[in-house]
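In: this one's sequence-less:
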């Protein structure tokens, strides 16, 4: 209970968020992290992350970095498939970029 009270007090402290220094790092693609041995983990919908990747104490949150054009290309191919038209099965990949947490 004390921990919950402390967290609540810190969260409500004015200016605290501004006092925390945020570092910078390069983003990574999911495929790069997977090749380095990172494993996926589930996240809550908070922050709009799709999921996370973790290895030892390093954690990344991963986000969809797609655009309307490639979404439309995938949808067109998939709708043709559902209609039985057997289109080319090549579609644009869905880019997922991951950002290091601290």
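Out: Arrived safely, thanks for sending. The structure presented is a predicted model; accordingly, all values stated were derived computationally and were not measured.

In: next SSE downstream of the longest helix seen in the chain?
Out: In the chain, taking DSSP state H as the definition, the longest helix is helix 68-82. Using DSSP states H and E, the helix or strand that follows helix 68-82 in sequence is strand 96-100.

In: tell me which element residue 40 is part of?
Out: Assigned by DSSP H and E, residue 40 falls in strand 39-41.

In: quick one: mean pLDDT for that strand?
Out: Averaging pLDDT along strand 39-41 yields 97.

In: residues in contact with that strand?
Out: Around strand 39-41, the neighbours that count as contacts under CB atoms under 8 Å, 6 or more residues apart in numbering are 51-55, 59. In this view, the C-beta of every residue, glycine as well, is placed from N, C-alpha and C.

In: pull out the buried members of the residues you listed.
Out: With neighbours counted by 16 or more other CB atoms under 10 Å, the contacts of strand 39-41 contain buried members at 52-53, 59.

In: nearest to residue 43, of the residues you listed?
Out: Distances from residue 43 to the buried ones among the contacts of strand 39-41, taken as CB to CB, are shortest for residue 52 (5.1 Å).

In: give me the subset of the buried ones among the contacts of strand 39-41 lying in helices.
Out: Per DSSP H, the subset of the buried ones among the contacts of strand 39-41 in helices is empty.

In: now, which of the residues you listed sits nearest residue 91?
Out: Looking across the buried ones among the contacts of strand 39-41 and measuring by CB to CB, the closest to residue 91 is residue 53, at 23.3 Å.

In: and that closest one, how far is that from residue 45?
Out: 17 Å (CB to CB, to the nearest Å).

In: over to residue 98?
Out: 17 Å.
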